[in-house]
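1. Okay, here's the prediction I keep looking at, along with the sequence it came from:
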Amino acid sequence: MSVFIGYLLIFLARVTDVSMATVRTLMVVQGRKIQAAFIGFFEVMVYVAALSKVVNGLNDPRNLIAYALGFATGNYMGILIESKIALGNLTAQIILKREDNADLIQSLRENGFGVTVLEGYGKEGMREVLHIVLKRKDLKVLENILHEHDEEAFITVNPITPIMGGYFAGSKKK
């Protein structure tokens, strides 16, 4: 039984440290220095503990299998955790198909989104183009509002790092 617990500990340690690495990497990319350093401190402690257990038991290939399975599962879990906490900011560009979009624009603004409306000219003529900056966690709300008003809208979303000024969805008040 204790041998099984050893494999389980290696597996869980790897799941933990790789999940932490995924979130830490996101923090680094977003310039969140303190959070990245804090996570990195604990991540490396867990990593070294797991690696030590495997290196001390290299004669048992099941240690290596538990380590590799923990790594793979940790990648999956890290991505899952990252998608749930949805840190970061996005910019959405929406090219509308409909001609009268006043209700959509009003609905977006009522839900706290800052909307800049531009005119664009494409293959099929004039179109309204909406430019919105939002928090990643608010993306589903934006998608639902857009789907409700214009199912044929063309939507692109990109990660950004806002610098200064303007109305930002993060400051919305209900």
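-> The structure has been received and is ready for your questions.

2. Relative to the top strand by length along the chain, what are the paired strands and their orientations?
-> If you go by DSSP state E, the chain has its longest strand at strand 125-135. Using DSSP bridges, strand 125-135 pairs in its sheet with strand 89-95 (antiparallel), strand 115-122 (antiparallel).

3. nearest to residue 43, of those?
-> Between residue 43 and those, the shortest separation by CB to CB is 24.5 Å, and it involves strand 89-95. Where C-beta positions appear, they are placed from N, C-alpha and C, glycine not excepted.

4. in this protein, which ranges drop under the pLDDT threshold?
-> For the chain, the stretches with pLDDT under 70 are 1, 162-174.

5. hmm, back to that, return the set of buried residues in the longest strand of the chain.
-> For strand 125-135, a neighbour-count test (16 or more other CB atoms under 10 Å) marks 127, 128, 129, 130, 132, 133, 134, 135 as buried.

6. Next, format the strands paired with strand 125-135 as CSV and append distance to residue 81 and mean neighbour count.
-> Below are those laid out as CSV (distance: least, CB to CB, whole Å; neighbours: other CB atoms under 10 Å):
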stretch, distance to residue 81, mean neighbour count
strand 89-95, 19, 18
strand 115-122, 31, 12
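
7. Quick one: closest of the ones you listed to residue 143.
-> Comparison of the strands paired with strand 125-135 against residue 143 by CB to CB identifies strand 89-95 as nearest, at 9.2 Å.

8. quick one on the thing from earlier: out of the buried residues of strand 125-135, which is nearest to residue 29?
-> Lowest distance from residue 29 to those (CB to CB) belongs to residue 135, with 15.7 Å.

9. for the closest residue to residue 136 other than its chain neighbours, what are its contacts?
-> Among residues not flanking residue 136 along the chain, residue 86 sits closest, at 4.1 Å (CB to CB, 6 or more residues apart in numbering). Listed by CB atoms under 8 Å, 6 or more residues apart in numbering, the contact set of residue 86 reads 135, 136, 137, 139.

10. In three-state terms, label the last one for me.
-> At residue 139, secondary structure determined by DSSP: H, G, I helix; E, B strand; the rest coil is helix.

11. got the contact list for the closest residue to it other than its chain neighbours?
-> Nearest residue to residue 139, sequence neighbours excluded (CB to CB, 6+ apart): residue 90, at 6.3 Å. Residue 90 makes contacts with 133, 134, 135, 136, 139, 157, 158, 159, 160, as judged by CB under 8 Å, 6+ apart.

12. Good, wrapping up.
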